[in-house]
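Trainee: Any chance you can model this:
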Amino acid sequence: MPRLTAQRIAGAVFRVPKLRHDLPPALATRLQGLRVDAILRRGKYLLFDCESNAGGGWLILHLGMSGSLRLATPGTAIEKHDHVDLIFPDQILRLRDPRRFGALVWQEGPSVNEHPLLCRLGVEPLEPGFDGEWLYAALQRRHSPVKPVLMDSHLIVGIGNIYAAESLFRAGIAPQRAADRIGRARCQLLARCIRETLADAIAAGGSSVHDYIHTDGGAGCFQLSCAVYDRCGDACHVCGTPIRMLRQAGRSSFYCPSCQH
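Mentor: Numbers count the residues shown, from 1 in each chain. Sure thing, here's the model as predicted:
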């Protein structure tokens, strides 16, 4: 959202008293007049640097299960689940959240990583510190099936259900394999496949399976190229074996029983 950086927040409108957390009127007052110096990301959280080094702070936003952000022009009609507006001089950043599982909270001061929502998050898989050696060491302490482990945000952030399934397929690793039974060489491969999968997804604009859209209303298209996700019963693109599905930690896992071991 580069069009918002260097702009000042003219006002904020909260149409509901709370999402996952309370939306106090004092927060709307605190935001008024602050300049957005940068918009960063940590895991699934968007971090708005609102003059944090000049007496301001950080606005922390999470979209939850069904939330989306849109850039709207002043006067755009308000729809049923449009719960929050951040008003800028010539546009509005509008949060739509039908299930109200999203979050909008404030962190005062220059540092944001100590906030309770962020301080226990794991490593970023696209940052230099994530590689096969790190992954191998981390998985040696985990006895659970590897796919739920990859999705544990206290260990690694940003690997959702789709990207975990696709990364494991690319690496030839079955989702039900115990994490601590994956050797060093396969961890090297898996780390590379995770990074490649995420890079491909970013290049495709993300995955629009249910609610995810861009701020201009457009959709991502990575899901159209998935090898296993949501393809139960379809033939594997590599070997022709029907893709299978199993439930793990309450989520659907898709895999090829011939290509993944």
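Trainee: any idea which helix is longest in the protein?
Mentor: The longest helix of the chain (DSSP state H) is helix 184-203.
Trainee: quick one: buried residues of it?
Mentor: Neighbour counts over helix 184-203 (16 or more other CB atoms under 10 Å) mark 186-195, 197-198, 201 as buried. To be clear about C-beta, it is placed using only N, CA and C from the backbone, and glycine gets the same treatment.
Trainee: Compile those into JSON lines and extend it with columns for pLDDT.
Mentor: Output for the buried residues of helix 184-203, formatted as JSON lines (pLDDT from 0 to 100):
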{"residue": "R186", "pLDDT": "99"}
{"residue": "C187", "pLDDT": "99"}
{"residue": "Q188", "pLDDT": "98"}
{"residue": "L189", "pLDDT": "99"}
{"residue": "L190", "pLDDT": "99"}
{"residue": "A191", "pLDDT": "99"}
{"residue": "R192", "pLDDT": "98"}
{"residue": "C193", "pLDDT": "98"}
{"residue": "I194", "pLDDT": "98"}
{"residue": "R195", "pLDDT": "97"}
{"residue": "T197", "pLDDT": "96"}
{"residue": "L198", "pLDDT": "95"}
{"residue": "A201", "pLDDT": "92"}
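Trainee: Distance-wise, check L93 relative to G64.
Mentor: Between L93 and G64 the distance, using CB to CB, to the nearest Å, works out to 16 Å.
Trainee: hang on, the earlier thing: what are the contacting residues of the longest helix of the chain?
Mentor: Outside helix 184-203, the residues within contact range by CB atoms under 8 Å, 6 or more residues apart in numbering are 125-126, 130-136, 139, 150, 158-159, 162-163, 166-168, 170-173, 182, 207, 220, 222, 225.
Trainee: So what are the sheet partners of the helix or strand just after that helix and their directions?
Mentor: Sequence order places strand 244-248 as the next helix or strand after helix 184-203, per DSSP states H and E. When pairing is defined by DSSP bridges, strand 244-248 lines up against strand 251-255 (antiparallel).
Trainee: Show me how far the partner strand is from its chain's centre.
Mentor: Computed by CA atoms, centre = their mean, to the nearest Å, the chain-centroid distance of strand 251-255 equals 18 Å.
Trainee: now stretch 239-255
Mentor: For stretch 239-255, the distance from its own C-alpha centre to the chain's C-alpha centre is 22 Å (CA atoms, centre = their mean).
Trainee: Could I get the buried residue list for it?
Mentor: Within stretch 239-255, the residues that count as buried by 16+ other CB under 10 Å are 243-244, 248, 253-255.
Trainee: Max pairwise distance over these: which two?
Mentor: Using CB to CB, these span at most 15.2 Å, a distance reached by I243 and Q248.
Trainee: how far off strand 251-255 does the strand or helix carrying S167 point, in degrees?
Mentor: Per DSSP H and E: S167 is located in helix 161-171. Interaxial angle of helix 161-171 relative to strand 251-255 (axes from the mean of the first three to the mean of the last three CA atoms, to 10 degrees): 20 degrees.
Trainee: Just the CA trace of helix 161-171, in PDB.
Mentor: Only the C-alpha atoms of helix 161-171 are listed here, as PDB (Å, rounded to 0.1, in the frame of the first residue of the first chain):
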ATOM      1  CA  ASN A 161      -2.500 -24.400   4.700                       C
ATOM      2  CA  ILE A 162      -2.100 -24.000   1.000                       C
ATOM      3  CA  TYR A 163       1.600 -23.200   1.100                       C
ATOM      4  CA  ALA A 164       2.400 -26.000   3.600                       C
ATOM      5  CA  ALA A 165       0.700 -28.500   1.300                       C
ATOM      6  CA  GLU A 166       2.400 -27.200  -1.800                       C
ATOM      7  CA  SER A 167       5.800 -26.900  -0.200                       C
ATOM      8  CA  LEU A 168       5.700 -30.500   1.100                       C
ATOM      9  CA  PHE A 169       4.700 -31.800  -2.400                       C
ATOM     10  CA  ARG A 170       7.600 -30.000  -4.000                       C
ATOM     11  CA  ALA A 171       9.900 -31.500  -1.500                       C
END
